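Peer 1: got a structure for you, letters missing:
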């Protein structure tokens, strides 16, 4: 993330992309308040809410920069979750055998 190494989950079951608030504090992204409160329910039933989004965060993968809009969410175990919004934007292919 920008120049900070980060643990990233590519999650095709997530409709949106997220960033841990602690990670967001360490990188240079434009934080904005969303018009609505955003609620997320996990597979195990935990519910999170947020009203902040980090716009145009730079993700560098194999030397190539990619931009992402990341909703601040108290996720655990990962710095960033890249969901279908990001995967579709960059035409990502998930190859499973």
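Peer 2: Perfect, I can see it now. Since we're looking at a predicted model, the values are computed, not measured. Numbering: from 1, shown residues only.
Peer 1: so where do the helices sit in this protein?
Peer 2: Under the criterion DSSP state H, the chain contains helices at 21-26, 84-89.
Peer 1: Give me the residues contacting the first one.
Peer 2: Right, the one you point to is helix 21-26. 1, 4, 6, 31, 54, 70, 72, 73, 74, 79, 80 (Cβ atoms under 8 Å, 6 or more residues apart in numbering). For every residue, glycine as well, the C-beta is placed using N, CA and C.
Peer 1: between the residues you listed, which is closest to residue 97?
Peer 2: The nearest member of the contacts of helix 21-26 to residue 97, counting by Cβ to Cβ, is residue 80 at 25.6 Å.
Peer 1: report the longest strand in the protein, please.
Peer 2: If you go by DSSP state E, the chain has its longest strand at strand 47-61.
Peer 1: picking that back up, can you add mean pLDDT, mean neighbour count and distance to residue 47 and give the helices of the chain back as JSON lines?
Peer 2: JSON lines is the format used below for the helices of the chain (pLDDT from 0 to 100; neighbours: other Cβ atoms under 10 Å; distance: least, Cβ to Cβ, whole Å):
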{"stretch": "helix 21-26", "mean pLDDT": "89", "mean neighbour count": "16", "distance to residue 47": "16"}
{"stretch": "helix 84-89", "mean pLDDT": "96", "mean neighbour count": "16", "distance to residue 47": "20"}
